[in-house]
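J.: A predicted structure for the sequence below; I have some questions about it.
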Amino acid sequence: SQQGEEDPQALSIQEGENATMNCSYKTSINNLQWYRQNSGRGLVHLILIRSNEREKHSGRLRVTLDTSKKSSSLLITASRAADTASYFCAPSYSGAGSYQLTFGKGTKLSVIP
Amino acid sequence: DGGITQSPKYLFRKEGQNVTLSCEQNLNHDAMYWYRQDPGQGLRLIYYSQIVNDFQKGDIAEGYSVSREKKESFPLTVTSAQKNPTAFYLCASSTQTSYHEQYFGPGTRLTVT
């Protein structure tokens, strides 16, 4: 399987704290994206980072990519109760089947008001 | 109001019956996808279509069938051959070039008893 693997599986923090989630993958990638899923809903695309980028920001989100370690992290700063959701990484690969995204089991984030 | 819709939100069927899940998009996207999500799990790709009148099997196509007669529509039929059909089904769409940025519908929760 070429899916990313998120860590930790679950994370519980107080509102206002930062939340960090990690993603590891196995083979070389073209890019990697992070998605959010609120309970019982569809996924929402958050951010894409390309293989030649090391860091990317979008509002309170900061994504890093370390291709030498085959890992990425998603940092949510100053968390809010509305950030409570599951977060998935989805690496994109080149070659056959490269148009497919594979999702791991996600990190379930709970932000306590 | 652009987006991707799935209906119904909840669906109940008796074992042995085929059931068709609807997915419609007005984003003018060429590519469409069907995923299955089981509790606490990531998404698994069932079928995808990159263009009208063409579709490909994903990782878990057995027991499912699709059609793509119109650009806007990509219905999924869960047949009686699917051994464990109870799950949350998500439809998504994307442009052909930006397949990594997929737009998801709200999902259909299918329960088969």
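T.: Now that the structure is in, tell me what you want to look at. Since the structure is predicted, the reported quantities are computational estimates derived from the model, not experimental observations.
J.: going forward, measure contacts and count neighbours with C-alpha atoms only.
T.: Noted.
J.: OK, contacts around the residue sitting nearest the centre point of chain B?
T.: In chain B, the residue lying closest to the centroid (C-alpha atoms, centre = their mean) is B:W34, at 3.0 Å. When contacts are counted by C-alpha atoms under 8 Å, 6 or more residues apart in numbering or on different chains, B:W34 touches B:L45, B:I46, B:Y47, B:Y48, B:L76, B:Y89, B:L90, B:C91, B:A92.
J.: tell me the two of those that are most distant?
T.: For the contacts of B:W34, the farthest-apart pair by C-alpha to C-alpha is B:Y48 and B:Y89; their separation is 13.3 Å.
J.: Spatially nearest residue to the residue in chain B that chain A sits nearest to, not counting backbone neighbours?
T.: Closest contact between chain B and chain A, by C-alpha to the nearest C-alpha, is at B:G42 (4.0 Å). Residue nearest to B:G42 in three dimensions, not counting chain neighbours: A:K105, with 4.0 Å by C-alpha to C-alpha, 6 or more residues apart in numbering or on different chains.
J.: how about the strands of chain B, start to end?
T.: Taking DSSP state E as the test, the strands found in chain B are B:4-7, B:10-13, B:19-25, B:31-37, B:43-51, B:54-57, B:64-66, B:76-78, B:87-94, B:103-104, B:108-112.
J.: re the thing from before, for the residue nearest to the centre of chain B, name its beta-bridge partners.
T.: B:W34 has these beta-bridge partners by DSSP bridges: B:Y47, B:C91.
J.: And it, how far from B:V52?
T.: 15 Å (C-alpha to C-alpha, to the nearest Å).
J.: what does B:Y89 give?
T.: Remark: distance between B:Y89 and B:V52 (C-alpha to C-alpha) = 21 Å.
J.: between the two, which one's more packed in?
T.: B:Y89 (25 against 17; other C-alpha atoms under 10 Å in any protein chain shown).
J.: Tell me if I'm right that that one and B:P106 touch.
T.: No - taking contacts as C-alpha atoms under 8 Å, B:Y89 lies outside contact range of B:P106: 9.1 Å.
J.: What parts of chain A come near chain B?
T.: Residues of chain A lying close to chain B (C-alpha under 8 Å from any C-alpha of the partner chain) are A:33, A:40-45, A:88, A:92, A:99-106.
J.: Sort out which of the residues you listed are buried, if you could.
T.: Taking 16 or more other C-alpha atoms under 10 Å in any protein chain shown as the criterion, what is buried in the residues of chain A next to chain B is A:33, A:41-45, A:88, A:92, A:99-106.
J.: tell me the SS of A:S72?
T.: Assigned by DSSP: H, G, I helix; E, B strand; the rest coil, the conformation of A:S72 is strand.
J.: That one bridge partners, please.
T.: Here A:S72, judged by DSSP bridges, has bridge partners A:C23, A:L65.
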